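Participant: Provided below for reference: sequence and predicted model.
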Amino acid sequence: MKDPDHSRRRLLMQAAGLAAGAALTAAAAGGGPAAAPAAVMPRTGAAVGPRRIIIDTDPGVDDALAIFLALKSPEVKVEAITPVAGNVPLDLTLPNALRLLEIAGRSDIPVASGASRPLKRRLVTAAYVHGNNGLAGVEFPEPKTKPVAESAHQLIRRIVRQSPGEVSIIAIGPLTNLALAFRDDPQLPSQIRSITIMGGSLSGGNITPAAEFNSYVDPEAAQAVYRSGARITMIGLDVTRRAALSEEQIRMLESTGNPAGHAAGRIMRATLEQVRRTGSNGGRLLAHDAMAVASFIDPSLVTRQDVHIEIETEGELTAGETVGYRKTPMRRSAPLLDAPGAADDAPFQPNAQAAVDVDGDRFLSFLIGRLVS
Ligand code: BDR
Ligand code: CA
């Protein structure tokens, strides 16, 4: 018979080992989006602190995991949370962000209200995964804290502008807030250290055959971000579909005395019931957004490839598709008779790195280990 305590200890030990190794791995990745782990000594001898991040999010069950993971990771310092409409409307994602911070005892982190709808489209939500309240129907107390007065795109702009080249963004919802910030300040992308996006797919969608949910909800915003010149890593369905939480891992979360980990366990339990009921994600419990945070902290979890991403904004059936060009020059649309020259070969110019493989078991051990500690 399987000894649950043994498995639990094994998972915790793996996670602890990975936590210790993460700093070395990130240092070895040198200069990449996740180059500077906590307390690494640079050449000058001065200690470098945790890497500063803003989480742009639509909580959201896997957003909750991602936020808790970041809060429990000493390698990063969360400067702000900027909720946007997505999985559920903004009037739920905003209080959800506030309540998640309160659960984790981190209501000192500013939360700024973001866009209530996509740039040009009607909002589409995903209650079939995230429940009507965005947290799989699990009730937590009303938040006591309030959002700051600035809007999300103003806050992003101010924080980045105050420390050019220092702040990274982990974007795990539709990209509306970022697109608005870039619209106001076209130089802003060059001031952002890196953007890690959970969104898109090079291997088929999850809301249409072509599109992943975050890209589908606001394709125009995604297009603006990919065309902005920012340094982007795409963590798409290609990798996030490869790691599903197990029953045992949910139990570990449920049984921890740590408030954030325990809340994550309650949310995951309810989500599992929900996806089994609706058949979403094939009834599997995926942690898309947490993988974006984990791979930012430890880049060795994923394998990346240079890509040029274009977002389909015209297609009637394919809106939001992330079309990924790899090394070989490839053509664009088939030329129309009355648009000569419109479909020339596109020279390969990468505008992102896309994760194409992941060590799923190591990711899950890392996630659970951090959440129960
Ligand atoms: C993405 O869409 C949302 O439903 C999840 O929170 C995640 O950000 C996965 O496609
Ligand atoms: Ca999300």
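Facilitator: Cool, got the structure. From a predicted model like this one, the values you see are computed outputs, not experimental measurements. Ligands and ions are numbered 1, 2, ... in the order given.
Participant: Residue 52 falls within a strand, correct?
Facilitator: Yes. Judged by DSSP: H, G, I helix; E, B strand; the rest coil, residue 52 forms part of a strand.
Participant: gap between it and residue 164?
Facilitator: For residue 52, the distance to residue 164 (Cβ to Cβ, to the nearest Å) stands at 12 Å. For every residue, glycine as well, the C-beta is placed using N, CA and C.
Participant: Out of the two, name the residue with the larger neighbour count.
Facilitator: residue 52 (17 against 13; other Cβ atoms under 10 Å).
Participant: who touches the more buried one in this structure?
Facilitator: Contact partners of residue 52, counting by Cβ atoms under 8 Å, 6 or more residues apart in numbering, are 76, 77, 79, 163, 166, 167, 168.
Participant: what residues are up against the third one?
Facilitator: Neighbouring residues of residue 79 by Cβ under 8 Å, 6+ apart: 52, 53, 54, 109, 110, 159, 167.
Participant: Highest neighbour count among those?
Facilitator: With neighbours taken as other Cβ under 10 Å, the top of the contacts of residue 79 is residue 54, carrying 27 neighbours.
Participant: beta partners for it?
Facilitator: Note on residue 54: beta-bridge partners residue 80, residue 169, judged by DSSP bridges.
Participant: From residue 126, how far out is the residue lying closest to residue 371 once chain neighbours are set aside?
Facilitator: Take residue 371 and drop its neighbours on the chain: the residue closest to it by Cβ to Cβ, 6 or more residues apart in numbering is residue 261, 4.1 Å away. Distance of residue 261 to residue 126, given as Cβ to Cβ: 24 Å.
Participant: try residue 368
Facilitator: From residue 368 across to residue 126, the span is 24 Å (Cβ to Cβ).
Participant: Compare those two (neighbour count), which wins?
Facilitator: residue 368 (30 against 21).
Participant: List the buried residues in stretch 222-232.
Facilitator: Applying a neighbour-count criterion of 16 or more other Cβ atoms under 10 Å, one finds 222, 223, 224, 225, 226, 228, 230, 231, 232 buried in stretch 222-232.
Participant: Could you check which residue of the stretch 201-350 of the chain lies nearest ligand 1?
Facilitator: residue 213 (3.6 Å; Cβ to the nearest ligand atom).
Participant: While we're on that residue, how confident is the model there?
Facilitator: Looking at residue 213, its pLDDT reads 98.
Participant: The closest residue to it other than its chain neighbours: how many residues sit nearby?
Facilitator: Spatially, and ignoring its direct neighbours in sequence, residue 213 is nearest to residue 207 (4.7 Å; Cβ to Cβ, 6+ apart). Residues lying near residue 207 (other Cβ under 10 Å) number 17.
Participant: May I have the phi/psi pair for residue 207?
Facilitator: Main-chain dihedrals, residue 207, degrees, to the nearest 10: phi -110, psi -30.
Participant: Spit out the contact partners of it.
Facilitator: Residue 207 touches 124, 126, 213, 216, 320, counting by Cβ under 8 Å, 6+ apart.
Participant: Going through these, which ones are buried?
Facilitator: The buried subset of the contacts of residue 207 (16+ other Cβ under 10 Å) comprises 126, 213, 216, 320.
Participant: Going by distance to residue 147, which of these wins?
Facilitator: residue 126 (22.6 Å; Cβ to Cβ).
Participant: Report pLDDT for the closest residue to the closest one other than its chain neighbours.
Facilitator: Spatial nearest neighbour of residue 126, chain neighbours left out: residue 87 (4.8 Å); criterion: Cβ to Cβ, 6+ apart. Residue 87 carries a pLDDT value of 98.
Participant: Verify the contact between residue 87 and residue 64 for me.
Facilitator: No. If you go by Cβ atoms under 8 Å, residue 87 and residue 64 don't touch, sitting 10.4 Å apart.
Participant: Residue 136 sits in which helix or strand?
Facilitator: Assigning secondary structure by DSSP states H and E places residue 136 outside every helix and strand.
Participant: what's the burial count for it?
Facilitator: 23.
Participant: Do I have it right that it meets residue 277?
Facilitator: No. Assessed by Cβ under 8 Å, residue 136 is found out of contact with residue 277, at 10.9 Å.
Participant: and the top strand by length along the chain, which strands flank it?
Facilitator: The longest strand of the chain (DSSP state E) is strand 302-311. The pairing partners recorded for strand 302-311 under DSSP bridges are strand 322-325 (antiparallel), strand 352-358 (antiparallel).
Participant: Now distance to ligand 2, mean neighbour count and mean pLDDT too, for those, in CSV please.
Facilitator: Below are these laid out as CSV (distance: least, Cβ to the ion, whole Å; neighbours: other Cβ atoms under 10 Å; pLDDT from 0 to 100):
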stretch, distance to ligand 2, mean neighbour count, mean pLDDT
strand 322-325, 16, 22, 95
strand 352-358, 16, 21, 98
